[in-house]
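Chemist: the sequence and its predicted three-dimensional model are supplied below.
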Amino acid sequence: MNKDFTFTIKYNCLDENYQPSDNTRITTNFANLARGKSRKENLRKALKMINNSFNALAHWDNPKGERYSVELDIISVDMKIEGETHTFPTIEILKTNIVDHKTNKRIEGIVGNNFSSYVRDYDFSVLLSEHNKNQSTFSIPDNFGELHGKLFKYFVNSNAYKQHFNKPPVICLSVSDNKIYHQTENQHPVLGLEYQPNDTSLTEQYFKKMGLHVRYFMPPNSVAPLAFYFVGDLLNDYTSLELISTISTMETFQKIYRPEIYNANAVAGKAYQPNLKNQDHSLTQIVYDREERSKLSIKQGKFAEEHLIKPYQSVLEQWSANNSLNEPA
């Protein structure tokens, strides 16, 4: 029998008092910041950076640069397999909300932004690693990312998602350091200068299976392009303030843990290749443990293998075979 999956969505406010729960993926950007003795100071500074960036981009009718502030909710998605009593933590994303202090209105932002997934950890940190362990040349396993892509599309098409969110998600990631990005003639007033890569990547292919397209833009005041993964029409489906909420939030995280690229002292030119060994960059005053983050992604991939992939292998395979979804509407 083909079993169904249902989703539960939980909200947790990301402010200076945020503390990661036991179920939170601790490799997630904000969870990494919210640990150790500098926890509260890290969060306070990061949120201040987000607000400053937002006001710099939303500069119209904002002479003092303090009209807006951004509120962040951590959205944790748990999945339940039909007939089981327990749930499995699957996805963690961020939801932005904008406070307009001039009108005293709260404006809904974009859901997505940061993207964390246990199954993706399994795919990249366990499955891909094991597949290439004894091979002389790198290769990708058959059906790589198929299950994860179908689970994500199933979630975005679910009643749970539609009850909570009005628009499809936008995921914002850093650019790849093994590609060259060429500046185009296209320029958007909020997203900035558009770039096109010289080649596709495994990440692009993986997210395509999730029903997401990608475009690369370098926003005003930025020094490097960002990757925007989306459904539909990125430039017309979202308002300027919605887009700014994503840019200000995710570029702040990138400045903290990819300072070589996003806090570089030189702006990307017409042909740009990111360099993680770039010494000409500035550091934020925020403590971030990149080494720990990479180690924990392996740990969490193995958690997914132990608690979901192996015990429910036949259920997942049958469900995946019987669920061929189109891209989220």
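Modeler: Now that the structure is in, tell me what you want to look at.

Chemist: thought Glu194 was touching His188, still the case?
Modeler: Yes: using Cβ atoms under 8 Å, His188 is in contact with Glu194, at 7.1 Å. Backbone N, C-alpha and C define where each C-beta goes, glycine included.

Chemist: higher neighbour count, those two?
Modeler: Glu194 (19 against 16; other Cβ atoms under 10 Å).

Chemist: roughly how far does the more buried one sit from Asp121?
Modeler: From Glu194 over to Asp121 the distance is 31 Å, taken as Cβ to Cβ, to the nearest Å.

Chemist: cool, and Glu71?
Modeler: 28 Å.

Chemist: which one of these two has more residues nearby?
Modeler: Using other Cβ under 10 Å, the more surrounded residue of Glu71 and Asp121 is Asp121, with 24 against 18.

Chemist: is that one in contact with Leu308, as I believe?
Modeler: No: using Cβ under 8 Å, Asp121 makes no contact with Leu308, being 11.0 Å away.

Chemist: shaky segments in the chain?
Modeler: Scanning the chain for pLDDT under 70 picks out 1, 21-36, 287-295, 324-329.

Chemist: 80 instead, please
Modeler: Residue ranges of the chain with pLDDT under 80: 1-2, 17-39, 287-297, 323-329.

Chemist: so Lys102 touches Arg67, yeah?
Modeler: Yes: between Lys102 and Arg67 there is a contact at 5.2 Å, judged by Cβ under 8 Å.

Chemist: which one of those two is surrounded by more residues?
Modeler: Each of Lys102 and Arg67 has its neighbours counted (other Cβ under 10 Å); Arg67 has more, 19 against 10.

Chemist: so who does that one touch?
Modeler: Asn55, Ala58, Asp61, Asp100, His101, Lys102 (Cβ atoms under 8 Å, 6 or more residues apart in numbering).

Chemist: before we move on, what about Glu108?
Modeler: Asn97, Ile98, Asn166, Glu242.

Chemist: secondary structure class for the third one?
Modeler: With DSSP: H, G, I helix; E, B strand; the rest coil as the basis, Asn166 sits in coil.

Chemist: just the last one next, same as before
Modeler: Secondary structure of Glu242, reduced to three states by three-state DSSP: helix.

Chemist: stretch 54-67: which residues count as buried?
Modeler: Neighbour-count burial for stretch 54-67 flags Phe54, Asn55, Leu57, Ala58, Asn62, Arg67 (criterion: 16 or more other Cβ atoms under 10 Å).

Chemist: now do the residue nearest to the fourth one when sequence neighbours are not counted against His59, distance only.
Modeler: In this structure, Ala58 finds its nearest non-sequential neighbour in Ile244, 5.3 Å apart by Cβ to Cβ, 6 or more residues apart in numbering. Relative to His59, Ile244 is positioned 10 Å away (criterion: Cβ to Cβ).

Chemist: and for Asn323?
Modeler: Asn323 sits 46 Å away from His59, taking Cβ to Cβ as the criterion.

Chemist: equivalent analysis for Ser69, please.
Modeler: To His59, Ser69 is 15 Å away according to Cβ to Cβ.

Chemist: and for Lys270?
Modeler: Distance from Lys270 to His59, by Cβ to Cβ: 26 Å.

Chemist: repeat for Pro168
Modeler: Distance from Pro168 to His59, by Cβ to Cβ: 28 Å.

Chemist: all strands for the chain, in order.
Modeler: In the chain, the strands defined using DSSP state E lie at 5-14, 68-81, 88-100, 105-117, 170-173, 181-188, 192-197, 213-218, 226-230, 271-272.

Chemist: isn't Ser240 up against His59?
Modeler: No: checked against Cβ under 8 Å, the pair Ser240 and His59 is beyond contact range at 11.1 Å.

Chemist: returning to that earlier point: neighbour-wise, which of the contacts of Glu108 leads?
Modeler: Using other Cβ under 10 Å as the neighbour criterion, Ile98 leads the contacts of Glu108 with 23 neighbours.

Chemist: so what pairs up with that one in the strands?
Modeler: Here Ile98 sits in beta bridges with Val70, Ile107, going by DSSP bridges.
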